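# after the sequence you'll find the predicted model.
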Amino acid sequence: MAKRKRLEIPNEALIKPSETNPVRPTHGRMPIAEVAGDTAARAALDEVSQAMATAEAEGRVVRKLAMDSIEVDHLNRDRMVLDPDEMAALTASLTERGQQTPIEVLSLSKGRFGLISGLRRFHALRAMGMTEVLAFVRKPEGAAASYVAMVEENEIRAGLSFYERANIAVQAVGAGVYPDVRAAVKGLFAHVPAAKRSKILRFVVLREALGRQLQFPTAIPEKLGLALATAIEADKSIATRLSDALRKTPPADAAAERRVLERPLKAPVAPPSSPEEIAPGVTLKAGRGKLTLSGPAVDAGFEAALLDWIRAR
């Protein structure tokens, strides 16, 4: 019977890679496992890269931009006044916690950017001596979208005065973004109640009549502005008289300007007009700040149509 050969562990030197023996041990991992691992890693990297590219294209990536590369007045600004107390509070917060919320910009050309929203943060950081700012680089679809983004940001964070809202609507029309102020107010303030849009339109009357002469327009209270707009529409000479008064004696502060604006509203009250039939079955009686409609035609259908017309203003 042939003698069996004993199996022996190979000499380590025989399997050690060398110029004459390029074979390398697998140490328990087969080449196919390495290939699979590399493929999975590349696939994961490609997926992350694609997600980052998509996020950047959608303006969801925060970038650090040089403040000198941002054009603050790229858009007509809606905010006309930066309240000192509010700016002091904002600066204190930024000093303590840093910039928590990025501003929004759009890319212009050659490394330049236009500010969309974040005007107060931008000025506060610049006053603190910062040279860079965190920003989202948005890609709004047209100028109207940029204006809407700016307005909605301020409506959420620190509401504008009615005059500022009216002013940006007029400026947007002047920039060719909207055909008229009614369309501008509807587009810029699409998410506010209809009654609020109606008040903004009333302040448009005030802005167009006295805009060049007013020194403290953002301080005009809502009630005064609405009453003054109604008075100006009823009597155009009021705007002329107020403009002359404001130009000849410029008010020293908001309180002084308000006293000038209140004068026409303190004039003697005209007696109410006699009832007048303005349409078949509809009689109108007008008094200061009051209209009374009566008659057989003033029924539920008439009321519904009138309310629809008022809400659409």
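On my side now, so go ahead. Remember, it's a predicted structure, so these values are computed and weren't measured experimentally.
# next one: phi and psi at G295?
Note on G295: its backbone torsions stand at phi 130, psi 170 [degrees, to the nearest 10].
# can you pull the contacts of it?
Counting by Cβ atoms under 8 Å, 6 or more residues apart in numbering, G295 touches E277, G281, V282, T283. Placement of C-beta: from N, CA and C, glycine included.
# quick check, nearest of those to A305?
V282 (11.5 Å; Cβ to Cβ).
# test my guess that that closest one contacts A297.
Yes: V282 is in contact with A297 according to Cβ atoms under 8 Å; the separation is 4.9 Å.
# tell me where the stretch 51-200 of the chain has helices.
Secondary structure of the stretch 51-200 of the chain (DSSP state H, counting those that start in this stretch): helices at 84-97, 119-127, 143-157, 162-174, 181-188, 194-210.
# quick check: which ranges of the stretch 101-250 of the chain have low pLDDT?
Confidence mapping of the stretch 101-250 of the chain against pLDDT under 70 gives the ranges 154-159.
# about what we covered before: dump the helices of the stretch 51-200 of the chain to CSV, plus distance to R42.
Output for the helices of the stretch 51-200 of the chain, formatted as CSV (distance: least, Cβ to Cβ, whole Å):
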stretch, distance to R42
helix 84-97, 40
helix 119-127, 40
helix 143-157, 38
helix 162-174, 49
helix 181-188, 47
helix 194-210, 54
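# how about the ones you listed in TSV, adding distance to A219 and mean neighbour count?
Supplementary listing: those in TSV, determined by distance: least, Cβ to Cβ, whole Å; neighbours: other Cβ atoms under 10 Å:
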stretch	distance to A219	mean neighbour count
helix 84-97	13	12
helix 119-127	18	18
helix 143-157	17	18
helix 162-174	9	23
helix 181-188	21	20
helix 194-210	13	19
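# now, which of the contacts of G295 lie within helices?
Judged by DSSP state H, helices contain none of the contacts of G295.
# if any of those are buried, put those into a PyMOL selection.
Command for PyMOL that selects the buried part of the contacts of G295, burial taken from 16 or more other Cβ atoms under 10 Å:
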select buried, resi 283
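# make CSV from the contacts of G295 and add distance to A92 and pLDDT to it.
Compiled in CSV, the contacts of G295 are given as follows (distance: Cβ to Cβ, whole Å; pLDDT from 0 to 100):
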residue, distance to A92, pLDDT
E277, 64, 82
G281, 64, 83
V282, 60, 84
T283, 61, 88
